[in-house]
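[1] Fold the stuff below for me.
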Amino acid sequence: MSFNDLERGLNQPASRSGTLPRSANDAAFGSLQSSLSMQVFKINANVQGILKLVDQLGTGKDTGGVRKALHDLTETTREMVKRGTDDLKKLMTLQQPDLPQHKTQVQKTSHDLQLSLVAFQRAQKVSAERQRTVVDVVRRKVDDDEAGRARPSSPPAGTSPEQRLMQMQAPALAPADLAYQESIIQEREREIREIETGIHELNEIFRDLGTLVVEQGDMLDNIESNVSSSAQHTSAAAGELTQAAEYQRSAGRRACCLMIIMVIVVAIVLLAILS
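    Now for the predicted structure:
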């Protein structure tokens, strides 16, 4: 085989096979299903990233950059969840009842997406709980420092000289540090409220998906029932047509026999007359 032959072979259009889409609708279904599978994979990866960032809250690695990365990743994942839910609804409208693989793919994709939503919801709850814990710790520090500032500068009578010295040398937060800690508390509390709002939205999505899956299942069952009923009616009609054809053939044979008998009788009569 020459190089030109190989080149001509490569330039020939691909032969039609069962792996090619049957129609434009089938192609759109396959493309959307692949996109949804990729979105599910990204959501799961983002959930793992969220949990890793949450583990750093309240530790020495807890910085503004970590908190911003956690916030941005949570918001991005939340948008992906909304887009994935909308795409799943579109996928259900694109599936064709006469293609069993469509129903299987929709069920699998819906199951995988719901598992991802459950994982994301758990990650948000863990994040909110860790944020609350950190806020409580920081708030206690601030309250203790403010209480220390409210105490009289001179130690009360009856304290030992060592205790007086420790109280006088106890470090206190500067006003700038207090203001910074207060801003951190407000930032975390705002983040907690946003997470709680996201959890509520996710609960609404779960309810919508549950209703949609039930309705879609009922619709598919009705379609399958209608298809089965149509197949039964078609089989019955085919049987009746076969019986009719048999009856026509029998009637034709009887008519042919009668014709032959009549011809024989006429021939006999003619022979009798002529003789």
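
[2] Can you name the residues that contact residue 106?
    Listed by Cβ atoms under 8 Å, 6 or more residues apart in numbering, the contact partners of residue 106 are 33, 91, 92, 95, 216. (Glycine included, C-beta is placed from N, CA and C.)

[3] From residue 74, how far out is residue 54?
    Going from residue 54 to residue 74 by Cβ to Cβ, to the nearest Å gives 10 Å.

[4] repeat for residue 273
    Distance, residue 273 to residue 74, using Cβ to Cβ: 113 Å.

[5] all helices of the stretch 101-250 of the chain, in order?
    Assigned by DSSP state H, counting those that start in this stretch, the stretch 101-250 of the chain shows helices spanning 161-169, 175-274.

[6] Can you pull the poorly scored residue ranges out of this structure?
    For the chain, the stretches with pLDDT under 70 are 1-22, 142-178, 213-241, 244-245, 247, 275.

[7] Try it again at 80.
    1-23, 97-98, 138, 141-184, 210-258, 263, 265-275 (pLDDT under 80).

[8] residue contacts, the residue lying closest to residue 125 once chain neighbours are set aside?
    Closest residue to residue 125 apart from its sequence neighbours, by Cβ to Cβ, 6 or more residues apart in numbering: residue 199 at 6.7 Å. Residues counted as contacts of residue 199 (Cβ under 8 Å, 6+ apart) are 121, 124, 125, 128.

[9] Quick one, which of these are buried?
    With burial judged by 16 or more other Cβ atoms under 10 Å, the buried subset of these is 121, 124, 128.

[10] Of those, which is the nearest to residue 67?
    residue 128 (13.4 Å; Cβ to Cβ).

[11] State the distance from residue 65 to residue 73.
    Distance from residue 65 to residue 73, counting by Cβ to Cβ: 12 Å.

[12] ok, these two, which is more surrounded?
    residue 73 (17 against 9; other Cβ atoms under 10 Å).

[13] thinking that one is in contact with residue 53, fair?
    Yes. The pair residue 73 / residue 53 is scored as a contact, 6.8 Å apart, by Cβ atoms under 8 Å.

[14] what's the following helix or strand after the host helix or strand of residue 29?
    Element membership for residue 29 (DSSP states H and E) is helix 24-54. Helices and strands here follow DSSP H and E; after helix 24-54, the next one along the chain is helix 64-94.

[15] orientation of that next one relative to helix 24-54 in degrees?
    Orientation check (axes from the mean of the first three to the mean of the last three Cα atoms, to 10 degrees): helix 64-94 against helix 24-54 gives 160 degrees.

[16] In helix 64-94, which residues are buried?
    Buried residues in helix 64-94, counted by 16+ other Cβ under 10 Å: 66-67, 69-71, 73-74, 77-78, 80-81, 84-85, 87-88, 91-92, 94.

[17] swap in stretch 195-203?
    195, 198, 199, 202.

[18] out of those residues, which one sits closest to residue 46?
    residue 198 (13.0 Å).

[19] Quick check: that closest one vs residue 192, distance?
    From residue 198 over to residue 192 the distance is 11 Å, taken as Cβ to Cβ.

[20] wait, residue 81 sits on residue 206?
    No. Contact criterion Cβ under 8 Å: residue 81 and residue 206 do not qualify, at 10.5 Å.

[21] thinking residue 96 is in contact with residue 25, fair?
    Yes. Using Cβ under 8 Å, residue 96 makes contact with residue 25 at a distance of 6.6 Å.

[22] Look at residue 98 and say how many residues are nearby.
    Counted with other Cβ under 10 Å, residues neighbouring residue 98 total 8.

[23] How is it assigned, secondary-structure-wise?
    At residue 98 the chain is in coil, as set by DSSP: H, G, I helix; E, B strand; the rest coil.

[24] so how far is residue 110 from it?
    Going from residue 98 to residue 110 by Cβ to Cβ gives 20 Å.

[25] which residues does residue 25 contact?
    Going by Cβ under 8 Å, 6+ apart, residue 25 touches 94, 96.

[26] Could you measure from it over to residue 104?
    Between residue 25 and residue 104 the computed distance is 17 Å (Cβ to Cβ).
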